[in-house]
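Structure of the sequence below:
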Amino acid sequence: MWPEVLSFGDAGFGDEILFLGAPLTFGVALASLLWGLLLGLLNASMALSRSRALNLIADVYTTIIRGIPEFLVVMIIFYGSGILLEEIARSVFDYQEEVPINKFIAGAFALGLIFGAYGGEVFRGAFLAVPKGQIEAGFACGMSKQQVFFRIRMPQMWRFALPGLGNLWMVLLKDTSLVSVIALDETLRWSKVAAERSQEPFTCFLYATAIYLVLTIVSDVFRQRLEKHVSRGVRTA
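So this is what the prediction gives:
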């Protein structure tokens with residue numbers, strides 16, 4: 001028999017968790033992914049640059065983010081951004097009221113920072129994995145540095161980076177549960193509310209587990225198909 005706490009309608013929280021929490025979970029993950037990919041590419045570019053200053057910036061960013069618990073990154077970004085915005089509002093615009101912080105943006109920004117630190121290492125390794133012979137062949141054909149980058153290095157890089165990025169996406173999808181601590185109403189947050197009101201935590205959290213499992217399985221299937229697509233025409237041993 002289906003538990004009453006998970007029924008749809010006013011009697012239960014099944015629809016809130018599934019139709020409100022789960023889409024928000026996926027939305028936070030997707031926004032974090034886009035922001036994280038941008039940061040990861042930028043971080044890899046700085047790490048591979050000949051500039052020592054850029055190398056140092058990339059190394060400091062990676063070291064700090066990877067050395068702090070992800071929970072603390074979310075908390076620092078959420079509360080720190082509030083303090084920063086209020087200080088700017090007071091000093092620049094003479095605005096004395098409290099500045100509201102968008103929880104979705106803060107959560108996605110924090111998770112994107114985390115993804116970018118790890119994604120940068122994946123991108124760096126993928127760029128280095130592109131055969132040098134192909135790059136030299138591009139220059140021999142008269143291509144400019146920009147043409148070699150966008151026509152040879154970038155397309156080849158994605159093929160090497162996708163397995164690592166796919167794994168990071170799976171981690172990111174589950175890490176969206178961390179934003180529940182800032183009261184963003186995603187899957188885990190709704191499950192916690194349902195558990196507290198019904199006093200049936202096992203049932204509610206098991207329901208959330210099933211939702212996360214479905215999201216990760218679907219994501220893994222999509223990842224496998226995407227890897228096959230970018231690897232088409234490549235000879236395998």
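
C-alpha only now, for contacts and for neighbours.
OK.

what pLDDT, on average, does stretch 172-183 get?
Mean pLDDT, computed over stretch 172-183, is 94.

what about the closest residue to residue 108 other than its chain neighbours, neighbour count?
Nearest residue to residue 108 in three dimensions, chain neighbours excluded: residue 32, at 4.6 Å (Cα to Cα, 6 or more residues apart in numbering). The tally of other residues near residue 32 (other Cα atoms under 10 Å) stands at 28.

Any buried residues in the longest helix seen in the chain, and which?
Secondary structure of the chain per DSSP state H: the longest helix is helix 201-230. Neighbour counts over helix 201-230 (16 or more other Cα atoms under 10 Å) mark 201, 203-205, 207-208, 211-212, 215-216, 219-220, 223, 227 as buried.

distance between it and the chain's centre?
Distance of helix 201-230 from the chain centroid (Cα atoms, centre = their mean, to the nearest Å) equals 15 Å.

ok, the residue nearest to residue 108 - contacts?
Residue 32 sits next to 108, 109, 110, 111, 112, 115 when contact means Cα atoms under 8 Å, 6 or more residues apart in numbering.

how many other residues sit next to the third one?
Which is residue 110. Applying other Cα under 10 Å, we find 25 residues neighbouring residue 110.

SS state for it?
The local conformation at residue 110, judged by DSSP: H, G, I helix; E, B strand; the rest coil, is helix.

pretty sure residue 4 contacts residue 15?
No - using Cα atoms under 8 Å, residue 4 is not in contact with residue 15, being 11.8 Å away.

which of these two has more neighbours?
residue 15 (15 against 12).

Can you tell me the SS state at the nearest residue to that one once chain neighbours are set aside?
Spatial nearest neighbour of residue 15, chain neighbours left out: residue 8 (5.0 Å); criterion: Cα to Cα, 6+ apart. Recorded secondary structure, residue 8: coil (three-state DSSP).

Good, we can wrap up now.
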